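J.: fold the following, please.
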Amino acid sequence: MFNSFKVESSNVGNRLDSFLSSKFADLSRSHIKNLIEEGNVLLNNKHVKAGEKLKLGDSLSISLLFFLRFKFDYLI
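T.: Reported below is the predicted structural model:
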């Protein structure tokens, strides 16, 4: 199950991992990179690399597993 949203103009040009680390400050960028590489984050319904640059209107999908791992890792 994925939660999706569109990239807004203020985030255009940002790296995917950098963007997510700004949204989830309690997770390291390397941890976010691992979550992306595991397929928990899709960009336009495709697996991409953590360094992918965001474009206006891109569809970003984050799996429920991402959020569960975020909460679990935060509690440890």
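J.: helix or strand: which one has the residue positioned nearest the centre of the chain?
T.: Residue closest to the average C-alpha location in the chain (Cα atoms, centre = their mean): L20, at 4.6 Å. Following DSSP states H and E, one finds L20 within helix 16-23.
J.: ok, the residue nearest to the centre of the chain touching I32?
T.: Yes: L20 lies in contact with I32 (Cβ atoms under 8 Å); the separation is 4.9 Å. Where you see a C-beta, it was placed from the backbone N, CA and C, and this is true even at glycine.
J.: so how far is S30 from S59?
T.: Distance, S59 to S30, by Cβ to Cβ, to the nearest Å: 25 Å.
J.: between these two, which one's more packed in?
T.: Legend: neighbour count by other Cβ atoms under 10 Å for S59 and S30, higher for S59 (14 against 11).
J.: please look at the more buried one and F2 and confirm they touch.
T.: No: taking Cβ under 8 Å as the definition, S59 is not a contact partner of F2, at 9.9 Å.
J.: for burial, what's the neighbour tally of I32?
T.: Neighbour tally, I32, other Cβ under 10 Å: 23.
J.: return the residues in contact with the residue nearest to the centre of the chain.
T.: 27, 32, 36, 41, 62 (Cβ atoms under 8 Å, 6 or more residues apart in numbering).
J.: any of the residues you listed buried? List them.
T.: Listed as buried from these are 27, 32, 36, 41, 62; burial here means 16 or more other Cβ atoms under 10 Å.
J.: and those, which of them are in helices?
T.: Secondary structure defined by DSSP state H assigns 32, 36 of the buried ones among the contacts of L20 to helices.
J.: and which of the buried ones among the contacts of L20 is nearest to E8?
T.: Nearest to E8, judged by Cβ to Cβ, of the buried ones among the contacts of L20 is I62 at 15.5 Å.
J.: G39 versus that closest one, what's the distance?
T.: From I62 to G39 the distance is 11 Å (Cβ to Cβ).
J.: same check on L16?
T.: 13 Å.
J.: of those two, who's got more company?
T.: More crowded of L16 and G39, by other Cβ under 10 Å: L16, with 23 against 11.
J.: can you name the residues that contact the closest residue to that one other than its chain neighbours?
T.: Leaving aside its chain neighbours, L16 sits nearest to E52 (4.7 Å; criterion: Cβ to Cβ, 6 or more residues apart in numbering). Residues near E52 by Cβ under 8 Å, 6+ apart: 15-16, 43.
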